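**Q** when you get a sec, could you give me coordinates for this:
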Amino acid sequence: MIDCIHETSAERRCKNRDGSEVIVLQCMLCGARIRNVSKEGRIMAKLDWFDPLIAEAWDLRRKTEFELLERQRAEDQRNRIGQWWDAYSDYLQSDQWKHVRRTVLQRDRACQKCFEAPATEAHHLTYETFTNRGFSYPAECVGLCHECHRAETAASRSA
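**A** Sure thing, here's the model as predicted:
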């Protein structure tokens, strides 16, 4: 986001809250009142008035830039998520995942959510190791039946 360093300024007439007139330096980029200036030797009537529209234009530029950056961040995040899902989908086809899944289902014979149906699917409790290393450990997974796995997946996507 752009921040102003007040490189360009001009002397302007300005009214204080008490109604008295002063000379101030106004940033010509962001419109900020930088500081008061001594009146000595200056003819105040020749100076332009302090312009509040400069600040409004600056705020609009900053808002527009923020919105652009936010849209770019969201697009970048969608791309990262898409890339992550592509890598994860590929991983689910790998021999390493087949070994993890088989190990989880041998360990958890019954669904670890309802404890009524047999475990038929391996469900990730965390994707940390996969995200950081590209594979999973059986300790990060739990055996679930199809219905419970579907419910857990739906719940995690809506969270």
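**Q** what strand or helix carries the residue nearest the centre of the chain?
**A** In the chain, the residue lying closest to the centroid (C-alpha atoms, centre = their mean) is Arg73, at 6.2 Å. Using DSSP states H and E, Arg73 sits in helix 52-91.
**Q** run through this structure and note the low-pLDDT ranges.
**A** The chain contains residues with pLDDT under 70 at 1-2, 159.
**Q** please enumerate the strands of it.
**A** 9-15, 21-27, 33-37, 121-124, 141-144 (DSSP state E).
**Q** winner for burial among these?
**A** Compared across the strands of the chain, strand 141-144 shows the largest average neighbour count, a mean of 24 (mean count of other C-beta atoms under 10 Å). Any C-beta I mention is one placed from the backbone N, CA and C, and that applies to glycine too.
**Q** ok, the residue lying farthest from the centre of the chain to Glu11 distance?
**A** Going by C-alpha atoms, centre = their mean, the residue of the chain most distant from its centre is Gly41, 52.1 Å out. Going from Gly41 to Glu11 by C-beta to C-beta, to the nearest Å gives 12 Å.
**Q** what does Cys30 give?
**A** 16 Å.
**Q** one more: Gln106?
**A** Taken as C-beta to C-beta, the span from Gln106 to Glu11 is 82 Å.
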